[in-house]
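Chemist: the following block contains a protein sequence and its predicted model.
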Amino acid sequence: MRTPARQRGTSLFEALIAFLVLSLGMIAVARTQGTLRQDVELARQRSEASRLAQQELERVRALRPFTAIASASRTVDASAHYLVARDIAATSVANAKAASITVSWADRGGAAQRIALHSILDGSNPALSGAFTLALPPTPAAPPPPPPR
């Protein structure tokens, strides 16, 4: 029997190696897709938690009388089970309070997640906030000093 000088085509071994490399690549792509899905879900939950915290902060700012603002918590069931807690503390500034809004939840993997907003609340009437932008009437100018002699 004569062996050909030049072999054409691929052997079974080469085909199996190529299939193995291709399979490992497909498995890596599938795992990456699963990780990306979890990351998208976590981003959606963080966005929802941020919206809930901002909503709570705006609700606290709208509370009147100012002395009625106090610490509290509530639960919200949306894409996850959220605990929205507000902590109100006195400040060294008169007629102001420090507010911390914390939203906690467990992600799909069971890991605890948390987002917090901090702000200072002013006891002034919100309707008067536009008064700060009004221009003050001009004051009469003082007469110029007399020239030296």
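Modeler: That came through fine. What you are looking at is a predicted structure, and each value in this text was computed from that prediction instead of being measured.
Chemist: which stretches in this protein count as strands?
Modeler: 72-77, 81-90, 96-106, 112-122 (DSSP state E).
Chemist: now the angle from the last one to strand 81-90?
Modeler: Same thing as strand 112-122. 30 degrees (axes from the mean of the first three to the mean of the last three Cα atoms, to 10 degrees).
Chemist: mind listing what's buried in strand 112-122?
Modeler: By neighbour count on 16 or more other Cβ atoms under 10 Å, the buried set for strand 112-122 is 113, 115, 117, 121. Bear in mind the C-beta positions are built from the backbone N, C-alpha and C, glycine included.
Chemist: the shortest one now?
Modeler: Along strand 72-77, these residues count as buried under the neighbour rule (16+ other Cβ under 10 Å): residue 76.
Chemist: which residues are in contact with that strand?
Modeler: When contacts are defined by Cβ atoms under 8 Å, 6 or more residues apart in numbering, strand 72-77 is touched by residues 52, 81, 82, 83, 84, 85, 86.
Chemist: residue closest to the middle of this protein?
Modeler: In the chain, the C-alpha nearest the mean C-alpha coordinate belongs to residue 50, at 4.7 Å (Cα atoms, centre = their mean).
Chemist: pLDDT wise, what is it at?
Modeler: The per-residue pLDDT reported for residue 50 equals 96.
Chemist: once you drop chain neighbours, what's closest to it?
Modeler: Nearest residue to residue 50, sequence neighbours excluded (Cβ to Cβ, 6 or more residues apart in numbering): residue 115, at 5.9 Å.
Chemist: isn't that neighbour up against residue 56?
Modeler: No: between residue 115 and residue 56 there is no contact under Cβ atoms under 8 Å: 11.4 Å.
Chemist: now do the buried residues in stretch 100-113.
Modeler: Going by neighbour count (16+ other Cβ under 10 Å), the buried part of stretch 100-113 is 100, 101, 102, 103, 104, 105, 113.
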